[in-house]
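Novice: any chance you can model this:
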Amino acid sequence: MSLTLDDQGLPAGYPLQPAWELAPRAVAALLASEAPVLLLDCRLDREVAAARIDGAVHIPMQALADRLDELAEHDEQKVVVFCHGGVRSMKVTRFLRERGFEDAWSMAGGIDLWSLAVDPSVPRY
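Specialist: Alright, predicted model coming up:
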């Protein structure tokens with residue numbers, strides 16, 4: 001069964017939270033632009049081994065509090081966080097905003113939706 005996606009790369013009925021999330025195709029457009037964007041992968045090491053988005057910085061959600069200083073230089077630019085399906089990235093986005101990263105966003109649907117909407121060469125798992 002194939003999934004039908006809208007112009008943003010979201011499945012019909014996806015409950016996008018526009019104050020917190022960016023659709024996959026919007027993220028792809030940002031990455032293709034000249035704008036400084038940090039793409040942050042908050043998944044586990046084994047998930048990164050299964051599938052990855054080129055150029056993403058990997059800091060697992062569980063390690064973020066201890067490694068937050070690694071992101072300090074990005075605190076005034078757009079940060080887009082992703083995980084597998086969007087749940088962990090939403091938590092990380094909230095964590096980052098609470099610590100001064102005002103332009104932090106979760107990628108709706110995570111790497112799974114990225115694979116469907118933007119780059120089918122990224123394996124689904």
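Novice: from memory Leu38 sits against Glu76, does it?
Specialist: No. Shown here, Leu38 and Glu76 do not form a contact pair, counting by C-beta atoms under 8 Å, at 10.8 Å. For every residue, glycine as well, the C-beta is placed using N, CA and C.
Novice: ok, these two, which is more surrounded?
Specialist: Neighbour tally, Leu38 and Glu76, criterion other C-beta atoms under 10 Å: the higher count belongs to Leu38, 19 against 11.
Novice: contacts for the one helix or strand Arg25 maps to?
Specialist: In the assignment (DSSP states H and E), Arg25 maps to helix 24-32. Residues outside helix 24-32 that contact it (C-beta atoms under 8 Å, 6 or more residues apart in numbering) are 7-10, 22, 37, 39, 55, 78, 80, 82, 107-109, 113-114, 117-119.
Novice: can you tell me which of those residues are buried?
Specialist: 9-10, 22, 37, 39, 78, 80, 82, 107-109, 113-114, 117-118 (16 or more other C-beta atoms under 10 Å).
Novice: may I see the buried residues of the helix or strand where Arg88 lies?
Specialist: Assigned by DSSP H and E, Arg88 belongs to helix 87-98. Across helix 87-98, burial judged by 16+ other C-beta under 10 Å covers 88-90, 92-93, 95-96.
Novice: what is the nearest of those residues to Leu71?
Specialist: Nearest to Leu71 among the buried residues of helix 87-98, counting by C-beta to C-beta, is Leu96 at 7.6 Å.
Novice: that closest one contacts Glu102, correct?
Specialist: No. With contact defined as C-beta under 8 Å, Leu96 does not count as touching Glu102 (9.0 Å).
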